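> Model the structure of this input:
(one chain, ligands or ions: 1)
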Amino acid sequence: MKPPGSHRGLTWGIPLGLFLLLGLGVELLLQQYGLRQQHATQQRLLAHANEVRAVLLGELNATLHLATGMASYIQARDGKIDAQEIQPWLQGLFRHGRHIRNIGLAPDNRISFLYPILGNESVLGLYYPDIPSQWPSVQRVIASGKPGLDGPLPLIQGGQGLVYRIPVFLPGDQYWGIVSTVIDFDSLFGQAQGVARQREIAVELKRADNDRQAAVTHDHDRVTLTLPLTMTDSSWDLYAQDLQPEKALPLWLRPAGWAMALATSLLVGLALLSQQRQTALLTALNRSQSQFMQAFELAPQGMALIDTSGRFKVVNQTLCQLLQAPAEQLLQHTITGLCPDNEREQTLEHLAAIIQGSTRSWTQHLFDSQQQPIAVECSAALLGYMDDVEVCILHIHDARERQRLQRLQNEFTASVSHELRTPLTAIAGSLGLINGGALGEVPQAMRGMLEIAQGNSLRLQELINDLLDMDKLLAGKMRFEPRTQPLWPLLEQAIAHNQPYAEQHRVALQLLGPPTRLTVEIDEKRLGQVLANLLSNAAKFSPPGGVVQLTMQQQNDQVRVNVSDQGPGIADDFKPRLFSKFSQADATDTRQKGGTGLGLAISKELIERMDGKIGFDSIEGQGSTFWIELPISTAPPQSATP
Ligand code: ADP
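The predicted structure follows:
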């Protein structure tokens with residue numbers, strides 16, 4: 001078995017691992033989200049920057065094409081250009097180029113034609129080799145034979161300009177001069193910036209040394225895009241920056257993600273813990289179940305689990321041995337199916353009582369496989385559910401040996417009592433005669449001793465009579481002469497007969513009315529014996545000056561007779577033994593109050609033989625009410641046989 005600590009380690013290790021894993025997942029998702037945001041921003045910036053670049057390139061190209069047109073014109077005219085003719089040309093070209101500051105022709109490198117002249121007067125007549133800021137790039141253009149774009153550079157006439165120069169060669173590679181177009185950089189770039197502003201980006205154009213790739217840089221929360229822009233031989237970098245700050249992750253997203261990871265891990269942890277507890281409980285349950293089944297199987301008493309109909313569900317070895325039948329055979333029976341017909345109803349009553357929740361003990365017979373009845377003592381209690389069926393645990397004890405011993409004991413008691421009764425009657429009679437003075441006056445010195453001897457012989461007689469009564473009852477030899485008769489007169493009689501005894505204890509006996517005509521079928525002598533026992537007990541245990549009340553009431557088809565006293569009541573721990581033989585609440589009762597402890601046991605037997613019931617209600621310290629219930633007879637009263 002694993003030590004419990006390793007389970008606990010695993011229970012918390014898994015959620016911890018899960019927490020870290022989920023946390024990692026949260027971080028990855030956040031990173032992905034950030035990257036996607038960044039990508040979207042870059043894409044937007046790229047699209048807008050391209051738009052601006054297109055504007056720039058478009059404007060430049062349009063202007064440059066105009067200059068190219070002029071170069072072609074010069075070539076077509078073989079370099080011979082007419083000042084009158086060229087002026088409207090230049091004017092026309094100028095009007096088409098939106099950002100052209102001026103357009104000029106420099107045959108043999110001297111700027112001789114210019115449009116517009118207004119504002120550019122200082123340029124007219126300039127000779128390129130004399131302008132050190134421009135001559136190297138003019139030379140480069142001439143040497144390459146290809147047009148070149150220069151700038152932005154400060155213009156002689158003021159402002160910044162981009163200068164596009166086309167070297168014009170006449171047929172035979174004869175150099176003619178330069179056609180130059182000055183583009184107003186501020187105006188051109190102003191237009192581009194206007195577009196950029198609309199798109200919420202900022203742009204800047206810088207000269208670059210060589211061709212470069214587009215690049216993205218991040219500065220804090222701003223993204224800057226560098227876009228290469230190449231025109232003829234010149235390279236620029238268009239820097240574009242998003243004016244909108246890069247969208248940062250919502251602040252709550254990370255804590256929320258981690259909180260969810262934590263909550264999920266805790267839930268998983270709790271689920272694991274509860275599953276572990278459940279498993280532990282289940283294991284403990286299984287263990288105790290198997291221990292129970294082992295104890296059940298090996299019990300030296302017959303044991304069975306039965307359902308509410310009395311069917312055997314599980315039986316142990318001892319029961320199989322007792323009934324001499326294999327378990328499979330017993331499992332096909334109900335307990336009522338194995339008992340004699342006359343006990344079946346009683347058994348069903350006991351079963352019904354268990355089902356209602358009370359534990360029960362009873363004796364009955366069960367047939368073994370040879371159809372021999374075996375006396376058994378059963379006790380049963382509700383156990384719970386087994387496979388969705390309510391079951392009771394039944395304990396079946398072989399009562400034959402105990403009954404045999406009981407029989408022997410009864411026989412012994414009966415024969416001893418018989419043997420003792422005759423001499424005891426003679427002794428008691430003789431002592432009575434002596435004490436009564438029939439043999440002459442008893443000497444004073446002997447009187448006390450003789451009275452004690454007579455009292456004890458009378459008590460012994462009482463005990464012997466009780467023992468013989470009990471023996472007769474148990475052996476079924478007690479004669480009953482039942483007769484239907486009114487009950488009330490019998491109660492009056494009982495009061496009258498027991499009055500002297502009650503008076504000895506200074507207790508009053510009262511019969512409370514009203515008188516009724518209810519009749520019962522009983523043996524009046526035996527009923528008198530029971531009432532005498534109840535009344536004498538009540539008087540005996542009442543305090544001097546107390547009252548014992550005898551009442552009678554009808555309850556459906558029964559009549560109940562109550563004997564209520566103001567005595568000490570019955571202690572709770574004595575209640576279950578009250579009707580057992582020789583039982584007295586206090587062992588000193590015999591000496592103090594007299595009695596044998598047999599009176600109630602005999603009364604119970606007598607009343608049950610007359611189809612009645614006997615019982616009591618008592619709260620310790622608050623008196624007792626002993627009652628008997630007898631079935632009301634509807635037959636006409638019978639007169640006594642003489
Ligand atoms: P006994 O002959 O000793 O009275 P019983 O069987 O009549 O024998 O009574 C048994 C015991 O029950 C008594 O010894 C006494 O302890 C108790 N008992 C019976 N009746 C009463 C009562 N009315 N009040 C208190 N205790 C009683």
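> make it CA atoms for all contacts and neighbour counts henceforth
Fine.
> Quickly note the distance from the closest residue to the ligand within the stretch 51-200 of the chain to residue 88.
Using C-alpha to the nearest ligand atom, residue 200 is the residue of the stretch 51-200 of the chain that sits closest to the ligand, at 108.8 Å. Using C-alpha to C-alpha, to the nearest Å, residue 200 is found at 41 Å from residue 88.
> and these two? which has more neighbours close in?
Between residue 200 and residue 88, counting by other C-alpha atoms under 10 Å, residue 200 is the more crowded of the two (16 against 12).
> Nearest to the spatial middle of the chain, which residue is it?
For the chain, the residue nearest the mean C-alpha position is residue 274 (8.7 Å; C-alpha atoms, centre = their mean).
> On the three-state scheme, that one is what?
Here residue 274 is recorded as helix under DSSP: H, G, I helix; E, B strand; the rest coil.
> Helices along the stretch 201-350 of the chain, start to end?
253-298, 317-323, 327-330, 341-355 (DSSP state H, counting those that start in this stretch).
> tell me the average confidence for the shortest one?
To tie it back to what came earlier, the one meant is helix 327-330. Helix 327-330 shows a mean pLDDT of 93.
> Buried residues in that helix, which are they?
327, 330 (16 or more other C-alpha atoms under 10 Å).
> before we move on, what about stretch 381-392?
Buried residues in stretch 381-392 (16+ other C-alpha under 10 Å): 381-383, 390-392.
> How about residues contacting that stretch?
Stretch 381-392 has contacts (C-alpha atoms under 8 Å, 6 or more residues apart in numbering) with 305-308, 354-355, 357-360, 380, 393-394.
> Which elements pack onto the helix or strand residue 452 falls within?
Per DSSP states H and E: residue 452 is located in helix 444-475. The contact analysis (3 or more C-alpha pairs under 8 Å, 6 or more residues apart in numbering; DSSP states H and E) places helix 444-475 against helix 400-435, helix 599-609.
> which residues does residue 471 contact?
410-411, 413-414.
> Now residue 154: closest residue in space, sequence neighbours ignored.
residue 160 (4.6 Å; C-alpha to C-alpha, 6 or more residues apart in numbering).
> Surely the one you found touches residue 184?
Yes - with contact defined as C-alpha atoms under 8 Å, residue 160 counts as touching residue 184 (6.5 Å).
> circling back: could you measure the residue nearest to the centre of the chain against residue 15, distance?
13 Å.
> for the stretch 51-200 of the chain, which spans come out with low pLDDT?
For the stretch 51-200 of the chain, the stretches with pLDDT under 70 are 157.
> Do a quick rundown of the helices in it.
Using DSSP H, counting those that start in this stretch, helices in the stretch 51-200 of the chain cover 83-96, 135-144, 185-198.
> Deepest-packed of the helices and strands packed on helix 444-475, please.
Mean neighbours per residue, mean count of other C-alpha atoms under 10 Å, is largest over these for helix 599-609, with a mean of 21.
> Beyond it, next helix or strand please.
strand 613-618.
> Please name the strands paired to that next one in the sheet, noting orientation.
Strand 613-618 sits in its sheet next to strand 624-631 (antiparallel), going by DSSP bridges.
> hmm, back to that, and of the buried residues of stretch 381-392, the nearest to the ligand?
Looking across the buried residues of stretch 381-392 and measuring by C-alpha to the nearest ligand atom, the closest to the ligand is residue 381, at 28.4 Å.
> Specify the beta-bridge partners of the closest one.
residue 393.
> Tell me how many other residues crowd residue 106.
Neighbours of residue 106 using other C-alpha under 10 Å come to 22.
> ignore the last one, residue 464
Residues near residue 464, counting by other C-alpha under 10 Å: 22.
> you'd agree it is up against residue 419?
No - Residue 464 is not in contact with residue 419 according to C-alpha under 8 Å; the separation is 9.9 Å.
> Enumerate every residue touching residue 234.
148-150.
> scratch that, residue 542
Applying C-alpha under 8 Å, 6+ apart, the residues contacting residue 542 are 507, 548, 565-568.
> Could you list which of these also contact the ligand?
The subset of the contacts of residue 542 within reach of the ligand, by C-alpha under 6 Å from any ligand atom, is 567-568.
> Now which of the contacts of residue 542 would you call buried?
507, 548, 565-568.
> ok, residue 46 touching residue 225?
Yes - here residue 46 reaches residue 225: they are 7.1 Å apart, a contact under C-alpha under 8 Å.
> does residue 442 sit in a helix, a strand or a coil?
coil.
> go on, residue 480?
Assignment for residue 480 (three-state DSSP): coil.
> burial of the residue nearest to residue 154, as a residue count?
19.
> just residue 496 next, same as before
Residue 496, neighbours per other C-alpha under 10 Å, totals 12.
> Against residue 528, how distant is it?
For residue 496 relative to residue 528 (C-alpha to C-alpha), the value is 11 Å.
> One more: residue 488?
Taken as C-alpha to C-alpha, the span from residue 488 to residue 528 is 12 Å.
> Alright, I will stop here.
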